[in-house]
Each structure stands twice: as C-alpha cells, then as structure tokens.
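J.: Here you go, sequence then predicted model.
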Amino acid sequence: MLAIATALFAIDVVFQRIPRGLTVVACVVVAVAAAAYGLVRRGAVRIIALAVAVLLLAAAVTLVFVEGNPKADVLIAAGVVATLAAGRQAFKVHVRWPQARRPAHAVLFYNPLSGGGKAERFALAEQARRRGIEPIELKRGDDLERLVRDAVKRGADALAMAGGDGSQAIVAMVAAEHDLPYACIPSGTRNHFALDLGVDRDDVVGALDAFIEGGERRVDLAEVNGRVFVNNVSLGLYADAVQRPGYRGAKLRTLLDTVPETLGPDATPPSLLWDSPAGEESAVAILVSNNPYRLGRLIGSGTRPRLDQALLGIAVLAPVRPAHEGAARHRLAMQQWTATEFEMRADQRTPAGIDGEAIELDPPLRFRIRPGALRVRIAPGHPGASPSAIEPAKPTKVFPALARIALRRAPAEQPDGR
C-alpha cells in the first residue's frame, strides 16, 4: 500500500514539474556519463570529467529542492524509506533447523585483531569458556590450518572460527574433511559468509550458542586449484587492486587507480580466457562464487539466497562481441551463469582475491563446487538463512510475493528447513 501510494504521488509531482523535471533527468544522465568517462582515464581529463559530474548533480539537486516543492520531495523520500522498511520486515526470514547434539569438545579459534578487535571487545574467549568451548587465540605468525588440525588430533569434535572470511574458509575446510560441525562467529569486518548462512552479524557472542542448542544444516563449499573458499574468487580488476600495497589503507583510491589500467582506452587486453559455446572468451573482471550472487538487482543485491544449490556462480564483465570481424570492442556487458565446474586459462601466474585475501594462482584455474560438504550449526535465535532467501528475484514479482504473505500463505521461494 505504501509503495502504490508513493508511486502515484511521485507521478503526479513529476507531471506538475514538466518541463523542469526533464531538465533534472537530463542533468543526472549527463552527470553519470561524465563520471563513467572520468573513471577510466587519468590526470586532468579525469578531474575535469568528475568535476562536471559533480556540478551537474548539484544543479539537479538545486532544481529539485530550490525551485521545486520541498514538502512533496520530503513526502516522496519518506514514502520510499517507509516502503523499504516495511518490505524488509515482510521478507524477514527465520528458519529453525533440526536441533543437533551438543559436542563434547568444541574448539573456538579467534583472531583478536579481526574486525577492529571484536573478540576482545565482546570478551569472546571468556564467553566461550562459560559454554564449555575451548578458545584458542591466533597470534602473529601462527599457522591457522596447523592449529586446527592439531586440535582435531587432540579430540575436538566441533570447530568454530571468529575472524575474517579467509580464516573461516580454512577452518571450514578442515571441518568438512573430518565431517565435524562448524560454527561461523561474526567477528570479522564484513562477515559476508555469516550473512548468507543466516548468522546474525550483530550478535557475536550469541553465535556461540550454535554449539549449545543450535540447529544443523549442510551447505556447499567451493575450491579453486584445490584451495577451499566460502564466498568468492575475484580475478581481473578487483584482484589487481587487492594485490597493491596501499589497498588495505586506501581501498577506494587504490581501486580507482586500477580502473584506467583495466577499462581505459590504453588498457592491456585481458589474458584470462575460457571456452564457451560461442568460442574463446575473455573478460576484464571475473567473479566465481560458492553459489550464485544476486548482482546488479535492487532486491537482495550482493547476497546469495541459498548456499546449498550445488552450483558455482560465475559473473564476468566482458567486452561485447563486435557485429562483424575486425570491429573494435568498446562496450562492456555483465554476464552471469551457473556451473558445477569452470576452467580458465592464462599465460602467467594470475593475481586473485580469494575471500578478500590477495594471492597468485598458477594456471589453468580449475573451479569446482563441493555439494553439502560442510555441516553448519546455527544459533536458535539467529535467522538461519540468507536475508534474501524468500525475497523474489525480480522486482515484477514483489507485489505477488507480498500478496501471498498478506494472505498468510508460504512464500514462493523459501529455504529448506522447519
């Protein structure tokens, strides 16, 4: 109801502002084009193009708020915010997975520096001991994989990791090898894996209850050249930026400095190749993920609705094939598909970002999915599924989905579980 009312009101306001409204739209369109032009270039050209974009956006804002009707704009903005809040609440998910037996000797590995020191701030080691979980602190220079394998040899029958997603992958790999239950404790910076598993990222201590009275589910793992990853492997643009020494201290600046080398007019042609039904393909940026992400969509963008589809998600930013032989490739387009295996060729060692960590891989790069490889424990108070698990994949399906919820019917898309 909020969405329909806001849309009708916005349409009425737009018609009242013709032709001023068209001028605002034109300013925004030209500003976006100027920004896109500047991002792939360097020096004075970049500065001028970005300055033009900023000035045009400022002009658009001025036309809207100074010469327009500020009260109407505030009402539209409030309607949009309220609609999104109501929709998010309507699609909120909470899955109760079958309760599992409490382990006798659970071990928690934690990085005290991860996430700005969350483990220390929440007294995670002490909270683990209270629950009968053995805490092991990672110190500088420690080999995490060796520590985990040693714990298994000592009789650990459940493993948990409090740290970044790169560390989560190591502990998950060992847990899968020994078919041990695993818990993801969200004490990293972004905790992408925790989000898509259905772990409440704001409840670091509560995640430990996964071993006390939590439910259990199985999810997939993925690997590249034998190395396990829980989220994704990035190649090309982002991977090149991650490799640079200044990335950790200035991520956005480093990424912007990398764009012209990859997408600019003097960019080196991509060396990563693979075979498709249409022939040999190449791309300037590749993302291979453990189950497919929703990318470039308004609903659930940047999340994976499920982690048990037994599929790799493959997304590439690639040059559009020319209409005829010899024509230049200027446009780039996003392509997405799924597969159980994927292989890429290269003529040299390839920079990669694996779960956000910079490494180099020897070609060829062989990806594969490992269906249901990992037993995951989820605390009973946590969502238990991705925030986009029951959100429709397309905006056109939002209203039918909301109607089903309003009529107290099950959503068309829902995770397995109770």
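T.: Done, it's in.
J.: quick check: domain ranges of this protein?
T.: Following automatic domain parsing, one gets these domains for the chain: 2-90, 106-221+373-406, 232-370.
J.: out of those domains, which comes closest to residue 98?
T.: Residue 98 lies closest, by CB to CB, to one member of the domains of the chain: domain 106-221+373-406, at 5.6 Å. The way it works is simple: take the backbone N, C-alpha and C, and place the C-beta from them, glycine included.
J.: what's the spacing between that closest one and its chain's center?
T.: Its chain's C-alpha centre and that of domain 106-221+373-406 lie 16 Å apart, by CA atoms, centre = their mean, to the nearest Å.
J.: other SSEs contacting whichever strand or helix holds residue 48?
T.: Element membership of residue 48, judged by DSSP states H and E, is helix 43-65. Applying 3 or more CB pairs under 8 Å, 6 or more residues apart in numbering; DSSP states H and E, we find helix 43-65 packed against helix 20-39.
J.: Mind doing that once more with 10 Å?
T.: helix 20-39, helix 70-90, helix 251-263 (3 or more CB pairs under 10 Å, 6 or more residues apart in numbering; DSSP states H and E).
J.: Distance from the chain centre to the biggest strand by length in the chain, please.
T.: Using DSSP state E to define each element, the chain has its longest strand at strand 365-378. Put simply, strand 365-378 sits 17 Å off its chain's centre (CA atoms, centre = their mean).
J.: got the buried residues for that strand?
T.: For strand 365-378, a neighbour-count test (16 or more other CB atoms under 10 Å) marks 365, 367, 368, 369, 370, 373, 374, 375, 376, 377, 378 as buried.
J.: which of those lies closest to residue 106?
T.: Using CB to CB, residue 377 comes nearest to residue 106 of the buried residues of strand 365-378, at 9.2 Å.
J.: dump the residue contacts of the closest one.
T.: 97, 99-100, 102-103, 106, 158-160, 181-184, 197, 199, 207, 209-217 (CB atoms under 10 Å, 6 or more residues apart in numbering).
J.: which one is it nearest to, not counting chain neighbours?
T.: Closest residue to residue 377 apart from its sequence neighbours, by CB to CB, 6 or more residues apart in numbering: residue 210 at 3.8 Å.
J.: What helix or strand is that neighbour located in?
T.: Following DSSP H and E, one finds residue 210 within helix 210-213.
J.: same question for the helix or strand following that helix, mean pLDDT?
T.: Counting by DSSP H and E, the element after helix 210-213 in chain order, helix or strand, is strand 215-224. Here strand 215-224 scores 97 as its mean pLDDT.
J.: Go ahead and measure how far strand 215-224 is from the middle of the chain.
T.: Relative to the mean C-alpha coordinate of its chain, strand 215-224 is positioned 16 Å out (CA atoms, centre = their mean).
J.: Tell me if residue 318 really is in a strand.
T.: Yes - using DSSP: H, G, I helix; E, B strand; the rest coil, the secondary structure at residue 318 is a strand.
J.: Mind picking out the helix or strand in this structure with the poorest mean pLDDT?
T.: One helix or strand of the chain scores below all others by mean pLDDT, DSSP states H and E: helix 251-263, with a mean of 53.
J.: Check whether the residue nearest to residue 377 really touches residue 199, as I assumed.
T.: Yes - shown here, residue 210 and residue 199 form a contact pair, counting by CB atoms under 10 Å, at 8.1 Å.
J.: what comes up buried for the helix holding residue 48?
T.: Using 16+ other CB under 10 Å as the test for burial, helix 43-65 gives 46, 49, 50, 52, 53, 56, 57, 59, 60, 63, 64.
J.: how close does residue 43 get to residue 33?
T.: When distance is defined by CB to CB, to the nearest Å, residue 43 is 19 Å away from residue 33.
J.: scratch that, residue 6
T.: Taking CB to CB as the measure, residue 6 falls 28 Å from residue 33.
J.: Those two - which one has more neighbours?
T.: A count of neighbours by other CB atoms under 10 Å puts residue 6 above the other of residue 6 and residue 33, at 19 against 14.
J.: For that one, which three-state class applies?
T.: Residue 6 - assigned by three-state DSSP - is helix.
J.: For it, which residues are in contact?
T.: If a contact means CB under 10 Å, 6+ apart, then residue 6 has 75, 76, 77, 78, 79, 80, 81, 82, 83 as its contacts.
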